[in-house]
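Participant: Only the shape, not the letters, is given here:
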């Protein structure tokens, strides 16, 4: 494959995180087996090529259906067309698991949520406080006066 075959990008631009791939490779092998660096690099290149192949075929399937967005069913059909039909059941199960995890995370408030929810009034007050701090910084003031937290207790 020519380095520029990947939609105007060089081969170096299209890669997978080495640390993540190394971890995946090591998890799949018995603990007493070591993998040479060249073999790790080759496996990573194979993964990139596989992703390119499946993406390209998924795009073809999508185009044949006059769609503009590749959907999971296009990827599954691409796997079948490419001769990976025996993996479709496992891939679909992994996809369903991912959907369930994603839904669970979104119901929890996402990965950035700390579990603390604000009422609308608290959010508005926090927003006003942040605006005041930003105005103070913009006007050259050292710091805006911090409003005391209602939940904090003062110890003597």
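Facilitator: Structure's in. What do you need? Predicted, not measured: the structure shown is a model, and the values here were computed from it.

Participant: So residue 83 versus residue 94, what's the distance?
Facilitator: Taking CB to CB, to the nearest Å as the measure, residue 83 falls 19 Å from residue 94. Any C-beta I mention is one placed from the backbone N, CA and C, and that applies to glycine too.

Participant: For those two, indicate the residue with more neighbours.
Facilitator: Each of residue 83 and residue 94 has its neighbours counted (other CB atoms under 10 Å); residue 94 has more, 11 against 8.

Participant: So which other helices or strands are in contact with the host helix or strand of the more buried one?
Facilitator: Using DSSP states H and E, residue 94 sits within helix 88-108. For helix 88-108, the elements it packs on are helix 72-81, judged by 3 or more CB pairs under 8 Å, 6 or more residues apart in numbering; DSSP states H and E.

Participant: Could you check the helix it packs on and say which residues are buried?
Facilitator: 74, 75, 76, 77, 78, 79 (16 or more other CB atoms under 10 Å).

Participant: which stretches of the chain aren't confidently modelled?
Facilitator: Low-confidence segments of the chain, defined by pLDDT under 70: 1-13, 108-116, 141-156.

Participant: All the helices of it, in order from the start?
Facilitator: All helices of the chain, identified by DSSP state H, fall at 18-27, 37-64, 72-81, 88-108, 120-138.

Participant: Quick check: which of these is buried the most?
Facilitator: Of all the helices of the chain, helix 72-81 has the most neighbours on average by mean count of other CB atoms under 10 Å, namely a mean of 18.

Participant: re earlier: return the member of the buried residues of helix 72-81 nearest to residue 134.
Facilitator: residue 75 (44.5 Å; CB to CB).

Participant: doesn't residue 79 make contact with residue 87?
Facilitator: Yes - between residue 87 and residue 79 there is a contact at 6.2 Å, judged by CB atoms under 8 Å.

Participant: Next, count neighbours for residue 16.
Facilitator: 14.

Participant: Can you verify my assumption that it contacts residue 47?
Facilitator: Yes - applying CB under 8 Å as the test, residue 16 and residue 47 come out as touching, 5.8 Å apart.

Participant: re earlier: what angle do the helix holding residue 94 and helix 37-64 make?
Facilitator: 90 degrees (axes from the mean of the first three to the mean of the last three CA atoms, to 10 degrees).

Participant: angle of helix 88-108 against helix 72-81?
Facilitator: 160 degrees.
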